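>>> Provided below for reference: sequence and predicted model.
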Amino acid sequence: MKVYILKDKYGEFANPNCAIADDGFRQMGWEIVAYGFRQSVPKECRSLQETC
């Protein structure tokens with residue numbers, strides 16, 4: 001499974017929830033993909049009904 005985590009322009013987590021999510025998903029073995037405010041999540045992952 002893959003999860004997208006938001007980071008700020010300095011490469012830090014955008015908020016505490018993002019940091020907690022990153023830690024939890026790493027522990028579960030999920031693939032973490034960080035993206036920033038100027039980047040967008042791939043189109044295939046924008047719908048909540050689709051899984052990536």
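Cool, the structure landed. Remember, it's a predicted structure, so these values are computed and weren't measured experimentally. Numbering: from 1, shown residues only.
>>> what pLDDT does the closest residue to N15 other than its chain neighbours get?
Leaving aside its chain neighbours, N15 sits nearest to L6 (7.9 Å; criterion: CB to CB, 6 or more residues apart in numbering). To be clear about C-beta, it is placed using only N, CA and C from the backbone, and glycine gets the same treatment. The predicted local distance difference test score for L6 is 91.
>>> now G36
At G36, the pLDDT value in this model is 82.
>>> what about it, neighbour count?
Residues near G36, counting by other CB atoms under 10 Å, number 13.
>>> And V3, by the same measure?
Here the count is done by other CB under 10 Å, and V3 has 17 residues near it.
>>> That one against G24, yeah?
No. Applying CB atoms under 8 Å as the test, V3 and G24 come out as separate, 9.3 Å apart.
>>> Low-confidence bits of this protein, can you list those?
For the chain, the stretches with pLDDT under 70 are 37-52.
>>> hey, C-alpha coordinates of whichever strand or helix holds G24 in CSV?
Secondary structure assignment for G24, by DSSP states H and E: helix 16-27. Extracted in CSV, the C-alpha atoms of helix 16-27 (Å, rounded to 0.1, in the frame of the first residue of the first chain):
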residue,chain,number,x,y,z
PRO,A,16,1.7,17.1,13.8
ASN,A,17,-1.0,14.9,12.3
CYS,A,18,1.3,14.3,9.2
ALA,A,19,4.2,13.3,11.5
ILE,A,20,2.0,10.9,13.5
ALA,A,21,0.6,9.4,10.3
ASP,A,22,4.1,8.9,8.8
ASP,A,23,5.2,7.1,11.9
GLY,A,24,2.2,4.8,12.0
PHE,A,25,2.2,3.9,8.4
ARG,A,26,6.0,3.2,8.5
GLN,A,27,5.4,0.8,11.4
